[in-house]
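In: Give me coordinates for this.
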Amino acid sequence: MRLKFLSTLMLILFSSNISFAQTDKKKIESLIAYIESDEITMDDFNEIKNTCKEIERLSNKIGFEEGVFIANLYLAQVFRDFSPKKIEPYVSKLDKIYEKSKNSLPAEKMVEYLLVKGYTSGSSGDFTLELEYYLKADSLVRKRRLKEYEVNIDQHIANFYSVNEEHEKALAILKKIVKDGEASGPKDDYTHTINKANLGVGFIQVNQYDSAIYYTQEAIRDGLGNFSNLHYQYLTISDAYLQLNELDSAKKYLQITESLYKENYVYSIDVVKFNLTYGLYYSKLKDYSSAASYYRLALKNADSLNYINGIQSANENLLISSFKEGNNTDLLDYFNAYRNARDTITNRANLKTEQQHLAQFETLKKNSEINRLKLLREIETERQLLIVSILVIILLVLLFLVYRYRSRQAKLKHKLQLGKLEKEKAEQLVHKLEKELKSKIDHLKENARIIDELKKVSKTEEDINEMIAIFGKSYINDTEWTKIILQFENIHQSFISELKKSIDNLSTNDIKLAILTKLNYQNNDMAEILNISIHGVKKAKQRLKHKLEENDMLNLLF
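Out: Have a look, this model is predicted:
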């Protein structure tokens, strides 16, 4: 009985918990719908903060992480324009939930989270990481087809380029945003007019002041002027008129801005810019005392906000206005303060972050968001494809060159082998012909030697004539030498003709001696063939060498 009672009690408690959880879930959804509605504006900081804290409390109570994520995301978005440090606790909570539950979070909230992460990364000076987060957001928008976020991302990209002083790129994106909005018919007039006002600021950055005035005034006419909490558009027009030296028009818009500040005062960097602009106005009027008063206010505001660029500008303008006014008392102090601020901006990396944050503040507060970083990814992909294509082409060219080289080497080797065979055949033929010629010469030489021997032993002239009659046909006479020379020329073509070109006064005996030398006959053999003494052969060779001095033929013979 007791067990049954306990079971019933637990069932009742469990059902009650489910009922309470469902009630809290509905309340959370109602609060989220409230902060997303037009009932609350971004200027209602305390209302937004309290509502988000209640959403977070109820979500933690029932373990609803999506509610905790949305609450901290709104807080990060609302307070990010004040100070990066102020939103660190919110971003830290977002990081933990994102890592644990990113697959179950709404795609729209994930895009907004990535944009917040990109902004905070840029504010801390990590521009590479900022770009990476924007690319992730862009990829998610394309993948989930969240077209309503495309302009938002375009605005972030424009702001990214503006902060990095690539103003022409930023202006091109801002023009595209406005043009696309006009072509498609903007769903949100407020957003479209904000985009026009942002375009006006973009023209200011590239010194196109007439265009800046035109687009900002058009934004005001289209309805932006109905939002009294927005001051910057009038300050933009005033700044442009000052640059054009149209002081009356500048004063008019400065007074409008001043009245709006009095009605809806928000202590921010815009106050510094307002006082600097008013100071510039009085400087152009050469009222340096009034100018200095506004510059001091700007310096005071910049100091309290730790706005280093504002501190630098205020001190610089105070230095100039005090000098022109003839007040030299504080010149050195202003100069040192200006130099310290300038050196801080130049030399300290963490204050480069401050500069980045402030530049982003100027544009992000006007709902500027980013697109076009996808282009960087596409360019990188195309670059990689180009590199791969070039490498493939180089590889194919190398393979072709190797193939052609090997083919030529094979042909050359074959040609050399054929040449070698032909050379060997030619050498064999020359050797055979030389052998036949030498055999003939040796035979004739032997006959001449026999005749000489018989002359020595024969007593009568009759015997000698008889022997000559027997051997005369084989004796080396002029006719035989003519035949020998012709046969030699058939073997060694152009040898004798080249020899004749080399020696103008070449004799028949020189030709005979050259032939015998080319055929490698020894001096004693030459003596027998030519029927002269060995000493005569040596003298004849010496004369031939002398004739062939400084001639290539000399090396071919001797």
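In: Please tell me how far Leu242 sits from Tyr209.
Out: Per CB to CB, to the nearest Å, Leu242 is found 9 Å from Tyr209. C-beta here means a position set from N, CA and C on the backbone, and glycine is covered the same way.
In: Within the helices and strands, which one has the residue lying closest to Lys176 once chain neighbours are set aside?
Out: What sits nearest to Lys176 in space, not counting adjacent residues and going by CB to CB, 6 or more residues apart in numbering, is Asp154, at 6.9 Å. Secondary structure from DSSP states H and E places Asp154 in helix 150-163.
In: any idea which helix or strand comes after that helix?
Out: helix 167-184.
In: Show me what that following helix is packed against.
Out: When contacts are defined as 3 or more CB pairs under 8 Å, 6 or more residues apart in numbering; DSSP states H and E, helix 167-184 sits against helix 150-163, helix 189-205.
In: Could I have the CA atoms of the shortest one written out in PDB?
Out: Extracted as PDB, the C-alpha positions of helix 150-163 are listed here (Å, rounded to 0.1, in the frame of the first residue of the first chain):
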ATOM      1  CA  GLU A 150      23.300  38.200 -47.400                       C
ATOM      2  CA  VAL A 151      23.200  42.000 -47.200                       C
ATOM      3  CA  ASN A 152      24.200  41.800 -43.500                       C
ATOM      4  CA  ILE A 153      27.300  39.900 -44.400                       C
ATOM      5  CA  ASP A 154      28.000  42.400 -47.300                       C
ATOM      6  CA  GLN A 155      27.900  45.200 -44.700                       C
ATOM      7  CA  HIS A 156      30.400  43.400 -42.500                       C
ATOM      8  CA  ILE A 157      32.800  43.000 -45.500                       C
ATOM      9  CA  ALA A 158      32.500  46.700 -46.300                       C
ATOM     10  CA  ASN A 159      33.200  47.500 -42.700                       C
ATOM     11  CA  PHE A 160      36.200  45.100 -42.800                       C
ATOM     12  CA  TYR A 161      37.700  46.900 -45.800                       C
ATOM     13  CA  SER A 162      37.000  50.300 -44.300                       C
ATOM     14  CA  VAL A 163      38.800  49.400 -41.000                       C
END
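In: next one: it to chain centre, how far?
Out: Remark: helix 150-163 is offset 23 Å from the chain centroid, using CA atoms, centre = their mean, to the nearest Å.
In: Could you give the average pLDDT over it?
Out: Mean pLDDT, computed over helix 150-163, is 83.
In: Kindly report the same for stretch 247-258.
Out: On average, stretch 247-258 scores 88.
In: Check what contacts it and list those residues.
Out: 231, 234-235, 237-239, 241-242, 274, 277-278, 281, 284-285 (CB atoms under 8 Å, 6 or more residues apart in numbering).
In: Let's see which of these end up in helices.
Out: Secondary structure from DSSP state H places 234-235, 237-239, 241-242, 274, 277-278, 281, 284 of those in helices.
In: Count residues in the vicinity of the residue nearest to Lys176, would you?
Out: Asp154 is flanked by 23 other residues according to other CB atoms under 10 Å.
In: And Ile320, by the same measure?
Out: Neighbours of Ile320 (other CB under 10 Å): 18.
In: ok, and the closest non-adjacent residue to it?
Out: Ser283 (7.5 Å).
In: Who are the packing partners of the longest helix belonging to the chain?
Out: The longest helix of the chain (DSSP H) is helix 373-457. Packing partners of helix 373-457 (3+ CB pairs under 8 Å, 6+ apart): helix 127-144, helix 150-163, helix 461-471, helix 478-491, helix 523-530.
In: which secondary structure elements does the longest one contact?
Out: In terms of contacts (3+ CB pairs under 8 Å, 6+ apart), helix 127-144 is packed against helix 107-123, helix 150-163, helix 373-457.
In: show me the residues around the residue nearest to Ile320 that make contact.
Out: 291, 317, 320-321, 324.
In: Tell me how far it lies from Leu244.
Out: 15 Å.
In: With Phe495 instead?
Out: Counting by CB to CB - Phe495 and Leu244 are separated by 100 Å.
In: between those two, which one's more packed in?
Out: Phe495 (18 against 14).
In: What pLDDT is listed against Glu168?
Out: Looking at Glu168, the pLDDT reads 92.
In: and the closest residue to it other than its chain neighbours, what does it touch?
Out: Among residues not flanking Glu168 along the chain, Val206 sits closest, at 6.4 Å (CB to CB, 6+ apart). Contacts of Val206 were listed using CB under 8 Å, 6+ apart, and they are 167-168, 171.
In: Low-confidence stretches in the stretch 1-150 of the chain?
Out: Along the stretch 1-150 of the chain, segments meeting pLDDT under 70 span 1-21, 38-43, 81-85, 123-125.
In: where along it do the helices fall?
Out: 2-36, 45-62, 65-79, 88-101, 107-123, 127-144, 150-163 (DSSP state H, counting those that start in this stretch).
In: Can I get those helices in TSV including distance to Arg408?
Out: Shown next, in TSV, are these (distance: least, CB to CB, whole Å):
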stretch	distance to Arg408
helix 2-36	77
helix 45-62	79
helix 65-79	71
helix 88-101	63
helix 107-123	60
helix 127-144	52
helix 150-163	56
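In: Sort out which of the contacts of Ser283 are in helices and list them.
Out: Per DSSP H, the contacts of Ser283 map to helices at 291, 317, 320-321, 324.
In: Using PyMOL, make a named selection holding only the buried ones among those residues.
Out: Buried residues among these (16 or more other CB atoms under 10 Å), as a PyMOL selection:
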select buried, resi 291+317+320+321
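In: ok, the ones in helices among the contacts of Ser283 vs Val68, which is closest?
Out: Asn317 (46.8 Å; CB to CB).
In: Tell me how this structure divides into domains.
Out: According to automatic domain parsing, the chain comprises the domains 106-371, 397-557.
In: Least confident of the ones you listed, on average?
Out: domain 397-557 (a mean of 76).
In: can you list the contacts of Val206 in TSV and add distance to Ser389 and neighbour count?
Out: TSV is the format used below for the contacts of Val206 (distance: CB to CB, whole Å; neighbours: other CB atoms under 10 Å):
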residue	distance to Ser389	neighbour count
His167	35	17
Glu168	31	10
Leu171	34	22
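In: Switch those over to JSON lines; also include distance to Asp222.
Out: Formatted as JSON lines, the contacts of Val206 follow (distance: CB to CB, whole Å):
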{"residue": "His167", "distance to Asp222": "24"}
{"residue": "Glu168", "distance to Asp222": "26"}
{"residue": "Leu171", "distance to Asp222": "20"}
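In: For Leu105, give me phi and psi.
Out: phi -80, psi 150 (degrees, to the nearest 10).
In: and it, what does it touch?
Out: Taking CB under 8 Å, 6+ apart as the test, what Leu105 contacts is 66, 69, 97-98, 113.
In: I'd like those as JSON lines, with neighbour count and distance to Glu489 appended.
Out: Shown next, in JSON lines, are these (neighbours: other CB atoms under 10 Å; distance: CB to CB, whole Å):
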{"residue": "Glu66", "neighbour count": "16", "distance to Glu489": "111"}
{"residue": "Phe69", "neighbour count": "26", "distance to Glu489": "108"}
{"residue": "Ile97", "neighbour count": "18", "distance to Glu489": "107"}
{"residue": "Tyr98", "neighbour count": "18", "distance to Glu489": "102"}
{"residue": "Tyr113", "neighbour count": "26", "distance to Glu489": "102"}
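In: Would you mind measuring from the residue nearest the centre of the chain to Ile390?
Out: Residue closest to the mean C-alpha point of the chain, counted by CA atoms, centre = their mean, is Arg383 at 8.5 Å. According to CB to CB, Arg383 stands 11 Å off from Ile390.
In: rewinding a little: return the closest of the contacts of Ser283 with respect to Lys143.
Out: Asn317 (49.3 Å).
In: check contacts around that closest one.
Out: So Asn317 contacts 276, 279-280, 283, 291, 295, 298 (CB under 8 Å, 6+ apart).
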